[in-house]
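**Q** Structure of the sequence below:
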Amino acid sequence: MMNSISSSSRARERFLEAILQSAIEYAIISLDLDSRVVTWNEGARRILGWDETEIVGQPVAVIFTPEDRETGVPQREMTAALMEGHGNDERWHVRKDGSLFWASGQMMALRSDDGELEGFVKILRDRTEQRENEERQRVLMHELSHRIKNTLAVVQAITNQSFRSANSMEEAEQSISARINAYANAHDILLQKNWLSATMGTIVEATASNLGLERDRIKPSGPAVRLNPQAALAFALVLHELATNATKYGALSVTTGTVEIEWSVRKNAGDDRFSLLWQESGGPAVEAPKKKGFGSRLVNTSLSAFGHVSLDYAATGLIIKLDASLEKLQYQSGPDVQV
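**A** Sure thing, here's the model as predicted:
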């Protein structure tokens, strides 16, 4: 009879050990009353890196970060396990090679059949990938919220300023529609590149295409310069405004007129410079406006966020120059679009 009970007990122990070792996605660690490792399953080896022979007898504190050890986190977990039945574990832990991983799990008290405390068991799971995904999602949601707010602010400013400068409701509606369409097309260009950048050449080409301008009327030239999203949106609005004004009153209002858009990059110690030139020619004689309209304010406000802007109402045609820091135009956290 005793042999039967002993055999049954050993079989049960082997069965439980098999379950323990097969739970490879979980680190299951038992501790004695001195918080030293007693057992260490296969999941613990895979997640934390130590073999059982290396870690048994070592204090469980070795898997905690130095900061958590200094502030007594392992002891607090065991205290919570004694007082509340379990101590929740949601923090960074340390692998054998010193790398960190984010773990979630619990510390629980182990008691004998008569209720005597025999030790503790710590169960944890590697949740690093899940945490990183959650962090990426949080950052994306924050970025999306910022973009939406900025976009709505730009649309609101376009609407308000268009109504103020328009001579009729019909003119206001046409201006608002055209400006928002130019802004939306710039968004489409950025989305094609995962909202990372757009080239100056692409923005110029889109401007001409949106307004139905013939290729020989706008003459772009310059290297492949990438712009961050904020700069790309700003240039899209500015070029649309300049081209629309040139079509109504400037060089593009007559068949003989053309617009040259030239940009270049020059090396400068510690701060490479970006130069842009908008030059109209072959159109009607130009006179400086008596008061600044929405277009002039848009050009000045948007471009001056990146560098120095100069406007020359030469009789032969409008000339606009921009001297900007290339870093401001390409750095991912550039200034928001100003209208």
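
**Q** Helices of the protein, residue ranges please.
**A** Applying DSSP state H to the chain gives helices spanning 2-22, 42-48, 52-55, 66-70, 73-84, 128-165, 169-192, 200-210, 229-248, 294-304, 326-330.

**Q** Need the winner for burial among those.
**A** helix 229-248 (a mean of 24; mean count of other CB atoms under 10 Å). Every residue, glycine included, has its C-beta placed from N, CA and C.

**Q** Run a quick check on residue 126 versus residue 44, I expect a contact.
**A** No: Residue 126 is beyond contact range of residue 44, at 10.8 Å (criterion: CB atoms under 8 Å).

**Q** about what we covered before: kindly reformat the helices of the chain as JSON lines containing mean pLDDT and distance to residue 91.
**A** Compiled in JSON lines, those are given as follows (pLDDT from 0 to 100; distance: least, CB to CB, whole Å):
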{"stretch": "helix 2-22", "mean pLDDT": "52", "distance to residue 91": "24"}
{"stretch": "helix 42-48", "mean pLDDT": "94", "distance to residue 91": "14"}
{"stretch": "helix 52-55", "mean pLDDT": "94", "distance to residue 91": "19"}
{"stretch": "helix 66-70", "mean pLDDT": "95", "distance to residue 91": "7"}
{"stretch": "helix 73-84", "mean pLDDT": "91", "distance to residue 91": "7"}
{"stretch": "helix 128-165", "mean pLDDT": "81", "distance to residue 91": "11"}
{"stretch": "helix 169-192", "mean pLDDT": "84", "distance to residue 91": "38"}
{"stretch": "helix 200-210", "mean pLDDT": "91", "distance to residue 91": "46"}
{"stretch": "helix 229-248", "mean pLDDT": "91", "distance to residue 91": "36"}
{"stretch": "helix 294-304", "mean pLDDT": "82", "distance to residue 91": "46"}
{"stretch": "helix 326-330", "mean pLDDT": "91", "distance to residue 91": "38"}
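
**Q** Among those helices, which comes closest to residue 254?
**A** Nearest of the helices of the chain to residue 254, taken as CB to CB: helix 229-248 at 10.3 Å.

**Q** tell me what the closest one is packed against?
**A** Contacts defined by 3 or more CB pairs under 8 Å, 6 or more residues apart in numbering; DSSP states H and E place helix 229-248 against helix 169-192, helix 200-210, strand 258-266, helix 294-304, strand 317-325, helix 326-330.

**Q** So for residue 158, which of those sits nearest?
**A** helix 169-192 (4.8 Å).

**Q** Can you name the residues that contact residue 197?
**A** 190, 226, 227, 228, 229, 232, 330 (CB atoms under 8 Å, 6 or more residues apart in numbering).
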